[in-house]
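*Asks:* need coordinates for the below:
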Amino acid sequence: MLDLKFVRENPDVVKQNVKNKFQDDKLPMVDEVIGLDAKMRAAKAEGDSLRASRNKLSKEIGKLMGQGKKDEAEAVKAQVTANAARLAELEQLEGELEEKIAKIMMTLPNIIDPSVPIGRDDSENVEIEKFGDPVVPDHEIPYHTDIMKRFDGIDLDAAGKVAGNGFYYLMGDIARLHSAVIAYARDFMIDRGFTYCVPPFMIRSNVVTGVMSFAEMDAMMYKIEGEDLYLIGTSEHSMIGKFIDTITPEEKLPQTLTSYSPCFRKEKGAHGMEERGVYRIHQFEKQEMIVICKPEESPMWYDKLWQNTVDLFRSLEIPVRTLECCSGDLADLKVKSCDVEAWSPRQKKYFEVGSCSNLGDAQARRLKIRVDGEKGKYLAHTLNNTVVAPPRMLIAFLENHLQADGSVTIPEVLQPYMGGMKVMIPKD
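*Replies:* Numbers count the residues shown, from 1 in each chain. As a prediction, this is how the structure comes out:
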């Protein structure tokens with residue numbers, strides 16, 4: 001969320017940013033919120049004047065009564081009453097204006113970083129760098145669920161009967177591989193100095209609106225009926241929420257946390273043939289990383305975060321690349337974002353396995369996440385990144401490690417988490 005003072009003083013910058021994000025329908029909101037802000041400041045100034053006058057007049061009434069000037073005192077009392085009625089009107093007006101302003105400010109997109117490429121949607125994202133050599137083997141690479149079935153590792157039919165589409169049972173070596181990847185990712189991040197955390201898997205509405213836009217919330221979140229609680233779509237939500245309405249001493253920054261959680265998502269809309277299987281599902285598990293830091297350090301942490309994901313995938317011998325998200329593909333709160341994509345030998349292309357984002361002070365402003373520094377209090381910057389989300393990771397892992405005989409090799413770093421297993425042997 002933007003600073004209202006910044007919008008008031010830089011309307012052209014805000015409007016150009018809206019245009020850069022191809023959200024021209026929001027352009028009138030800039031002038032509207034500036035006009036509402038002017039009215040609110042005028043109402044507040046008049047209210048402050050009336051409050052000061054009330055104190056002065058109250059003293060005057062006491063003085064007149066002491067002098068026996070009852071009629072004059074009554075006239076002043078009438079003025080005080082009239083002022084009180086006007087003050088009540090102004091206070092109500094201020095409340096109404098504040099609500100309208102807040103609604104618009106929650107809708108205006110954050111100012112994107114100058115380095116972000118201008119583009120309408122994800123088709124205009126820009127490749128940054130490739131890591132590892134993508135290989136297409138001579139042998140066939142079946143669809144990922146077909147690979148899993150060879151290990152008796154997945155049951156979508158039973159899950160459909162129990163919970164509906166978008167759910168799955170993982171079993172045997174595939175389930176073990178899933179848990180091994182999560183455990184390895186946890187230790188990988190701990191070794192990089194991050195504090196491990198298991199957060200709440202439900203959050204209140206004020207945290208939801210603090211960490212994401214209304215559009216994202218509607219498309220993603222499951223609400224608990226009859227309660228002010230939502231199932232998290234990613235542990236970033238409750239991890240950032242951990243710092244709501246806090247003031248952290250500057251010397252305790254950065255706060256670097258890595259978290260495990262299940263994630264729950266509506267996944268509204270059709271996603272095409274490659275979205276069947278476990279590409280897009282309603283429930284999955286994930287290892288996440290978040291950083292709370294000083295504003296001047298957030299670009300450095302942004303680079304560190306996406307590099308962590310790249311390094312983890314490369315340690316598992318999976319080729320990846322990074323893509324810079326263009327302006328139109330950025331969620332409204334994001335300043336800058338990049339996707340990490342893994343190589344799919346079957347599709348002969350890369351697909352998304354993680355996303356790294358710098359949100360500047362947008363979440364901090366909404367959630368009142370502040371820092372106490374030498375020059376006073378200021379808003380922190382927040383960042384987040386996927387370490388690994390096993391359903392997508394499993395696809396990349398199985399495709400890149402599948403051998404011609406149907407077995408799947410286990411990289412050395414993962415073998416301790418698989419009980420020393422070096423190769424997974426199919427059941428058929």
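
*Asks:* who's in contact with Tyr184?
*Replies:* For Tyr184, the contact set (C-beta atoms under 8 Å, 6 or more residues apart in numbering) comprises Leu316, Val413, Leu414, Tyr417. Where C-beta positions appear, they are placed from N, C-alpha and C, glycine not excepted.

*Asks:* buried ones only from those, please, as a PyMOL command.
*Replies:* To isolate the buried members of the contacts of Tyr184 in PyMOL, using 16 or more other C-beta atoms under 10 Å:
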select buried, resi 316+414+417
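
*Asks:* now do the buried residues in stretch 182-198.
*Replies:* Ile182, Ala183, Tyr184, Ala185, Arg186, Phe188, Met189, Arg192, Phe194, Cys197.

*Asks:* strands along the stretch 251-400 of the chain, start to end?
*Replies:* Applying DSSP state E, counting those that start in this stretch to the stretch 251-400 of the chain gives strands spanning 255-264, 283-293, 320-324, 336-344, 349-358, 369-373, 376-379, 381-388.

*Asks:* now the ones you listed as a markdown table including mean pLDDT?
*Replies:* Listed next are the strands of the stretch 251-400 of the chain as a markdown table, based on pLDDT from 0 to 100:
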| stretch | mean pLDDT |
| --- | --- |
| strand 255-264 | 96 |
| strand 283-293 | 96 |
| strand 320-324 | 98 |
| strand 336-344 | 97 |
| strand 349-358 | 96 |
| strand 369-373 | 97 |
| strand 376-379 | 97 |
| strand 381-388 | 97 |
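
*Asks:* ok, which of the ones you listed comes nearest Met421?
*Replies:* strand 381-388 (19.1 Å; C-beta to C-beta).

*Asks:* and the closest one with strand 283-293, angle?
*Replies:* Interaxial angle, strand 381-388 versus strand 283-293 (axes from the mean of the first three to the mean of the last three C-alpha atoms, to 10 degrees): 150 degrees.

*Asks:* direction included, what does strand 381-388 pair up with?
*Replies:* Partner strands for strand 381-388, per DSSP bridges, with pairing direction: strand 283-293 (antiparallel), strand 349-358 (antiparallel).

*Asks:* ok, which of the ones you listed comes nearest Pro299?
*Replies:* Closest among the strands paired with strand 381-388, using C-beta to C-beta: strand 349-358, at 7.2 Å.

*Asks:* output the closest one as PDB, nothing but the C-alphas.
*Replies:* Taking C-alpha atoms only, strand 349-358 is exported to PDB below (Å, rounded to 0.1, in the frame of the first residue of the first chain):
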ATOM      1  CA  LYS A 349      10.600 -26.500 -21.700                       C
ATOM      2  CA  TYR A 350      10.800 -24.900 -18.200                       C
ATOM      3  CA  PHE A 351       7.900 -24.600 -15.800                       C
ATOM      4  CA  GLU A 352       7.500 -22.500 -12.600                       C
ATOM      5  CA  VAL A 353       8.500 -24.100  -9.300                       C
ATOM      6  CA  GLY A 354       8.900 -21.000  -7.100                       C
ATOM      7  CA  SER A 355       8.500 -17.200  -6.900                       C
ATOM      8  CA  CYS A 356      10.600 -14.600  -5.200                       C
ATOM      9  CA  SER A 357       9.200 -11.200  -4.300                       C
ATOM     10  CA  ASN A 358      10.300  -7.900  -2.800                       C
END
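
*Asks:* next, the buried residues of it.
*Replies:* Tyr350, Glu352, Val353, Gly354, Ser355, Cys356, Ser357, Asn358.

*Asks:* what do you get for stretch 310-325?
*Replies:* Neighbour-count burial for stretch 310-325 [16+ other C-beta under 10 Å]: Val310, Leu312, Phe313, Leu316, Ile318, Pro319, Val320, Arg321, Thr322, Leu323, Glu324, Cys325.

*Asks:* now those residues as a markdown table including distance to Lys427?
*Replies:* Formatted as a markdown table, those follow (distance: C-beta to C-beta, whole Å):
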| residue | distance to Lys427 |
| --- | --- |
| Val310 | 34 |
| Leu312 | 29 |
| Phe313 | 27 |
| Leu316 | 23 |
| Ile318 | 24 |
| Pro319 | 28 |
| Val320 | 30 |
| Arg321 | 34 |
| Thr322 | 37 |
| Leu323 | 37 |
| Glu324 | 43 |
| Cys325 | 41 |
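
*Asks:* with those residues in mind, which one is nearest to Glu46?
*Replies:* So of those, ranked by how close each gets to Glu46 (C-beta to C-beta), first place is Cys325, at 45.7 Å.

*Asks:* and the closest one, what does it touch?
*Replies:* Contacts for Cys325 (C-beta under 8 Å, 6+ apart) come out as Val116, Asp122, Asn125, Lys334, Lys336, Ser337, Cys338, Asp339, Ser355.

*Asks:* OK, contacts around the second one?
*Replies:* Meaning Asp122. Cys325, Cys326, Asp329 are the contacts of Asp122 under C-beta under 8 Å, 6+ apart.

*Asks:* likewise the third one?
*Replies:* Under the criterion of C-beta under 8 Å, 6+ apart, the contact list for Asn125 reads Pro117, Gly119, Leu323, Glu324, Cys325, Cys326, Asp329, Asp339.

*Asks:* cool, and the fifth one?
*Replies:* The neighbourhood of Lys336, defined by C-beta under 8 Å, 6+ apart, consists of Ile112, Asp113, Ser115, Val116, Tyr302, Cys325, Leu330, Ser357, Asn358.

*Asks:* pLDDT value on Val198, please?
*Replies:* The model reports Val198 with a pLDDT of 96.

*Asks:* thought it was touching Ser259?
*Replies:* Yes: at 6.7 Å, Val198 counts as touching Ser259 under the criterion of C-beta atoms under 8 Å.
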